[in-house]
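> prediction below, plus the sequence it came from.
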Amino acid sequence: MVSELWNTLLEYLRRTPYWSKIEPVALAAFLYVGVSVVAFQYLQWRYQVSLSLPLFLGSYLFKQVSVAFWALVLAYVVLTYGAGRSPRAAEPGTGERRVVSRPARLASRAAAVFIILAVALFAWQRLSPHSKVSSIRVVFAPSGEFLPAQSSAPEPATTQGQIPPPLDLRKAKEALVYILFELNRLQRTWHFEIDLTPFTKDLISGKAEQLCAEAEDPLLCFAEAYYAREHGKDPLSPPIVVITPDQLDPIAKRNWFWLHRGPVSVITTHDWEGYAAPSVYEYLTYTILLQGLLIHLDAHCGGIPPRPSEREGIIYGNAFEYHPRREGMKASILSGHLGPDDERLLLNCFGAEYMRAAAELLRLEWLRSNPVRANLRSVYGVDPLGNESRDGAYK
């Protein structure tokens, strides 16, 4: 049916007097659509992703294909324009000038083609995603290490229902190391490395310690000072994520699950205590993944673009929305998905493979799978789904 309509339309256009003028344009448009369809199919086949049409039309690959195609069309036009014209009769005394002008025209056309292709290559490279991103180093801060002297350790938050015992981060660290190794095994776009040396004030200089002790977010300040010191020693030192059992705001006692700035993030388990589900392992895995994505975006793509319609208190469940409130954090972990804007951002910044890996890992289905759960239960005595009683017996 469609082919018959298309053939009828072509036959009608061929009978029109202006067909000779629009035929090249129609042919170029037809080829452009065909190349775009091939690119769309290739992207889905190569990286095993399912893209919506709007997402593909906003992707780096569609822009690259468009730049390359129209650059070649323009170069072809420059080279062939006027080539089919019949030469006019030579006038007396103009033959030598015409012989000289022909190489000049060829040289000017070659220069124009060179400029077109150079601009297209520059645009292609500018549109290319970042194929290499840094690893993320995870460190652990001992309990009470960075609490202000005048602050006592705050009590864990409570919720209705069964309340699990406070988390022993030293025990949880061993299981979390295994979970991070599973993350490294499941994808090749970036890796997490674990520093088992306790993150303490001894790693910070005295001057930085004094400045950070007076900061509004002291632990984040300490982490930034530590990263600056390590980066000064080795420019290839990776960004860091600090995990602490202490409250991030012990003075005002605000519920902050994490703090993030540039190449540094801090995650607390304190504000998750009292939640029976999702478990603290699901919470830590989700937040570590999310902080890794935020760190990469800050390093390579200028961070998350501002979204004017987004404000505190209104949540949609997207991974990169405003810092989630306590009431919405459970649902964010359980759903674990990227919104359309999030997918477009990761796709254009880091490519299709990175976007696919981020989307699959954030869903946490791999963490809830039977092999991973069996390893955590048998070796570490924990269940990532939190299905255990206070005495450690599984339900």
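Received it, and whenever you're ready, just let me know what you need. Numbers count the residues shown, from 1 in each chain.

> care to break the protein down by domain?
The chain breaks down by automatic domain parsing into domains covering 2-82+95-127, 136-380.

> can you list the residue ranges for strands in this structure?
136-140, 192-195, 240-244, 258-261, 264-268 (DSSP state E).

> so which of these is nearest L147?
Ranking the strands of the chain by distance to L147, with C-beta to C-beta as the measure, places strand 240-244 first at 9.6 Å. (C-beta placed from N, C-alpha, C; glycine too.)

> contact partners of that closest one?
136-141, 143, 145-146, 169, 176, 199, 219, 223, 226-227, 230, 263-270, 284, 288, 291-292, 295 (C-beta atoms under 8 Å, 6 or more residues apart in numbering).

> pLDDT on it, on average?
For strand 240-244, mean pLDDT is 93.

> neighbouring strands of that strand in the sheet, and parallel or not?
Strands adjacent to strand 240-244 in the sheet, as given by DSSP bridges, are strand 136-140 (parallel), strand 264-268 (parallel).

> which parts of the stretch 151-300 of the chain are helices?
For the stretch 151-300 of the chain, the helices defined by DSSP state H, counting those that start in this stretch cover 169-186, 206-213, 218-233, 280-300.

> return the most buried member of those helices.
helix 280-300 (a mean of 22; mean count of other C-beta atoms under 10 Å).

> please name every helix or strand in contact with that helix.
Identification of packing neighbours for helix 280-300 by 3 or more C-beta pairs under 8 Å, 6 or more residues apart in numbering; DSSP states H and E yields strand 136-140, helix 169-186, strand 240-244, strand 258-261, strand 264-268, helix 326-335, helix 340-350, helix 352-362.

> output the second one as CSV, restricted to C-alpha atoms.
What that stands for is helix 169-186. Written as CSV, here are the backbone C-alpha positions of helix 169-186 (Å, rounded to 0.1, in the frame of the first residue of the first chain):
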residue,chain,number,x,y,z
LEU,A,169,29.7,-0.4,59.1
ARG,A,170,32.8,-2.5,59.7
LYS,A,171,30.9,-5.7,59.1
ALA,A,172,28.9,-4.2,56.2
LYS,A,173,32.1,-3.0,54.5
GLU,A,174,33.2,-6.5,53.7
ALA,A,175,29.9,-7.3,52.0
LEU,A,176,29.9,-3.9,50.2
VAL,A,177,33.3,-4.6,48.8
TYR,A,178,32.0,-7.8,47.2
ILE,A,179,29.0,-5.8,45.8
LEU,A,180,31.3,-3.2,44.3
PHE,A,181,33.4,-6.0,42.7
GLU,A,182,30.1,-7.4,41.2
LEU,A,183,29.5,-3.9,39.8
ASN,A,184,32.9,-3.9,38.1
ARG,A,185,32.3,-7.4,36.7
LEU,A,186,28.9,-6.4,35.2
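
> for L31, which residues are in contact?
F69.

> relative to V67, how far out is it?
15 Å (C-beta to C-beta, to the nearest Å).

> show me what contacts the closest residue to T197 other than its chain neighbours?
Distance criterion C-beta to C-beta, 6 or more residues apart in numbering; nearest residue to T197, sequence neighbours excluded, is V139 at 7.4 Å. Contact partners of V139, counting by C-beta under 8 Å, 6+ apart, are I194, D195, T197, F199, I240, V241, V242, I243.
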